[in-house]
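1. Prediction below, plus the sequence it came from.
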Amino acid sequence: MDTKISILFYGSIARTTQNKLLPIYMRVTINGERFETSSHRYLESNKWSAAAGKAKGNTDEVRSINNYLDMLKQKAYNFQKELIQEGRPVNIENFKDKWLGKSNKPVMLIEIFQQHNDQVVELIGKDFAPGTVERYKTSLSHTRSFMQWKYKISDIDIRKLNYEFISGYEFWLKSVRRCNHNSTMKYLANFKKIVILCLKNGWLSKDPFVGFKLSKKEVVREFLTKEEMQLILSKQFVSERIGQVRDIFLFSCYTGLAYADVKKLKRSEIITGVDGEKWVFTSRQKTNTASRIPLLSQALQIIEKYTDHPQCDAADRLLPVLSNQKMNAYLKEIADVCGITKQLTYHIARHTFATTVTLSNGVPIESVSKMLGHKNIRTTQHYAKILDKKLSEDMGLLRSKLNAQPNQNLKAI
């Protein structure tokens, strides 16, 4: 819907000249904001009609002033029309720039994207995690590559963004970059944050994502079974380094902590809880939400094993965690040695805690959600959906209850 503007002419008594002439001003109002400017026309105060907003009488002077005011009003409406045609928001700032003849430098997409990323870098450790910064950098790189592929340009006026641009970007991510559906949606979601930034600043008047669905497909999350966990636990490794990776991986299986959270975990974050037992009191690096996790005996044994490890002493860390890349490389080797065909990555430990360790053993989903540091229980429910064993057990209990009740068998008709 077009933004309407209100135009009013008035005589400013406060600015009456020494010759007792009344200066005529024009007031433009858009969304409650005003812009006032002088018409540079003057006349005797008794010749001005405040109610009509124009000069009164039938003299040549009156007709000349009124014709000029009509011309100013038409000029204002023409500027409104120009803003709409240019795809710029009809607001008081853009109207004022038009009226004063200021140059209209276009706001460029890549320039704004880069400024956004530079600000995110400055907020690492405060509002953003390093991983988030890398995702924005990758999104910017993909945006550049898409525009070069599609339009043969290095940047674009954000006012030219439309649905065709977004749908074309989706096609490029899936076809040229060969991203799966969910990865494509993540990159587009990052891009949409830049679009929202432009909308909030008034640089865009219409959201190009209108009508475009950023929907993710549900994926089955890999996790280890109890038997697979036992294989890894009981396996003897020749390499001390591989055994160390195995221990830290199992620590996450028994705590649900992600790689980044285990890596930064300090000894001071292991405290005595309300039950007199040892707990982890920390915050998730990804979401900055609190995690309160009672420690199982298996996790405590791993902590005890590395109490005097030199790497922990030097860095004030609970466990000697390697880089994520090295951890995953060693985990692939562990899977091969143990005969596990699943693609073993560190994040599977978190899934294993949610499924095999907790939900499968009857821990309420609300408690699991709290320990995982999820902001929304719907995130945790993804794990519950894949537990056929738990579903079978729940229905088994229901069968037992129903069979124990008298007169529950249907008679043959």
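-> In hand now; what should we look at? Numbers count the residues shown, from 1 in each chain.
2. what about the strands in the stretch 251-400 of the chain?
-> Per DSSP state E, counting those that start in this stretch, the stretch 251-400 of the chain carries strands over the ranges 270-272, 278-283, 290-294.
3. Stretch 229-246: end-to-end distance?
-> 10 Å (Cα to Cα, to the nearest Å).
4. Break this structure down into its structural domains.
-> 5-100, 109-200, 226-396 (automatic domain parsing).
5. Now distance to residue 209 and mean pLDDT too, for these, in a markdown table please.
-> Just so you know, the C-beta spots here come from the backbone N, C-alpha and C atoms, and that holds for glycine as well. Shown next, in a markdown table, are the domains of the chain (distance: least, Cβ to Cβ, whole Å; pLDDT from 0 to 100):
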| stretch | distance to residue 209 | mean pLDDT |
| --- | --- | --- |
| domain 5-100 | 15 | 91 |
| domain 109-200 | 6 | 92 |
| domain 226-396 | 22 | 87 |
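6. Now distance to residue 213 and mean neighbour count too, for the ones you listed, in JSON lines please.
-> As requested, those are exported to JSON lines (distance: least, Cβ to Cβ, whole Å; neighbours: other Cβ atoms under 10 Å):
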{"stretch": "domain 5-100", "distance to residue 213": "23", "mean neighbour count": "15"}
{"stretch": "domain 109-200", "distance to residue 213": "9", "mean neighbour count": "16"}
{"stretch": "domain 226-396", "distance to residue 213": "18", "mean neighbour count": "16"}
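7. want to throw those domains into JSON lines with distance to residue 218?
-> Below are the domains of the chain laid out as JSON lines (distance: least, Cβ to Cβ, whole Å):
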{"stretch": "domain 5-100", "distance to residue 218": "37"}
{"stretch": "domain 109-200", "distance to residue 218": "9"}
{"stretch": "domain 226-396", "distance to residue 218": "7"}
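8. just to revisit the earlier point, wait, which of the strands of the stretch 251-400 of the chain is closest to residue 160?
-> Nearest of the strands of the stretch 251-400 of the chain to residue 160, taken as Cβ to Cβ: strand 278-283 at 41.9 Å.
9. Only C-alpha atoms, please: export the closest one in CSV.
-> Extracted in CSV, the C-alpha atoms of strand 278-283 (Å, rounded to 0.1, in the frame of the first residue of the first chain):
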residue,chain,number,x,y,z
LYS,A,278,29.1,-33.2,41.1
TRP,A,279,27.4,-31.1,38.4
VAL,A,280,28.6,-29.2,35.3
PHE,A,281,27.5,-25.5,35.5
THR,A,282,28.4,-23.8,32.2
SER,A,283,26.8,-22.0,29.3
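10. Just want the angle from it to strand 290-294.
-> Put simply, strand 278-283 runs at 170 degrees to strand 290-294, going by axes from the mean of the first three to the mean of the last three Cα atoms, to 10 degrees.
11. Tell me the gap between strand 278-283 and the middle of its chain.
-> Its chain's average C-alpha position is 27 Å from that of strand 278-283, according to Cα atoms, centre = their mean, to the nearest Å.
12. Please apply the same query to stretch 18-34.
-> Here the centre of stretch 18-34 is set off from its chain's centre by 45 Å, with Cα atoms, centre = their mean.
13. Now do that stretch: distance from first to last residue.
-> From its first residue to its last, stretch 18-34 covers 28 Å (Cα to Cα).
14. Tell me which stretches of the stretch 151-300 of the chain form helices.
-> Along the stretch 151-300 of the chain, the segments classed as helices by DSSP state H, counting those that start in this stretch run 163-175, 181-200, 226-234, 240-253, 259-264, 297-305.
15. So which elements touch the second one?
-> To tie it back to what came earlier, the one meant is helix 181-200. helix 109-122, helix 130-151, helix 163-175 (3 or more Cβ pairs under 8 Å, 6 or more residues apart in numbering; DSSP states H and E).
16. The last one packs against which elements?
-> Helices and strands touching helix 163-175, as assessed by 3+ Cβ pairs under 8 Å, 6+ apart, comprise helix 130-151, helix 181-200.
17. before we move on, the earlier item: ok, which of the domains of the chain comes nearest residue 219?
-> Across the domains of the chain, residue 219 has its closest neighbour in domain 109-200 (6.7 Å, Cβ to Cβ).
18. Columns distance to residue 251 on top of the strands of the stretch 251-400 of the chain, output as a markdown table?
-> Output for these, formatted as a markdown table (distance: least, Cβ to Cβ, whole Å):
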| stretch | distance to residue 251 |
| --- | --- |
| strand 270-272 | 12 |
| strand 278-283 | 10 |
| strand 290-294 | 11 |
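19. wait, which of those strands is closest to residue 161?
-> Ranking the strands of the stretch 251-400 of the chain by proximity to residue 161 (Cβ to Cβ) places strand 278-283 first, at 36.7 Å.
20. ok, the closest one: who's next to it in the sheet?
-> Strand pairing for strand 278-283, determined by DSSP bridges: strand 270-272 (antiparallel), strand 290-294 (antiparallel).
21. Select, out of these, the one closest to residue 117.
-> In terms of Cβ to Cβ, the element of these nearest to residue 117 is strand 290-294, at 28.5 Å.
22. Show me the contact partners of the closest one.
-> Outside strand 290-294, the residues that touch it by Cβ atoms under 8 Å, 6 or more residues apart in numbering are 255-257, 261, 273, 275, 277-284, 370-373.
23. can you do 7 Å?
-> For strand 290-294, contacts defined as Cβ atoms under 7 Å, 6 or more residues apart in numbering pick out 255-256, 273, 277, 279-284, 370-371, 373.
24. and that strand, how far from the chain's centre?
-> Distance, centroid of strand 290-294 to centroid of chain: 24 Å (Cα atoms, centre = their mean).
25. how about TSV for the helices of the stretch 151-300 of the chain, with distance to residue 56 added?
-> Output for the helices of the stretch 151-300 of the chain, formatted as TSV (distance: least, Cβ to Cβ, whole Å):
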stretch	distance to residue 56
helix 163-175	52
helix 181-200	45
helix 226-234	93
helix 240-253	84
helix 259-264	76
helix 297-305	89
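26. To residue 347, which of those helices lies closest?
-> Set against residue 347 and scored by Cβ to Cβ, the helices of the stretch 151-300 of the chain come closest in helix 259-264, at 7.1 Å.
27. the residue most distant from the middle of the protein, which is it?
-> The C-alpha centroid of the chain is most remote from residue 59, which lies 64.8 Å away (Cα atoms, centre = their mean).
28. Tell me where the stretch 1-150 of the chain has strands.
-> So, for the stretch 1-150 of the chain - with DSSP E, counting those that start in this stretch - the strands run 5-11, 21-30, 33-44, 48-49, 54-55.
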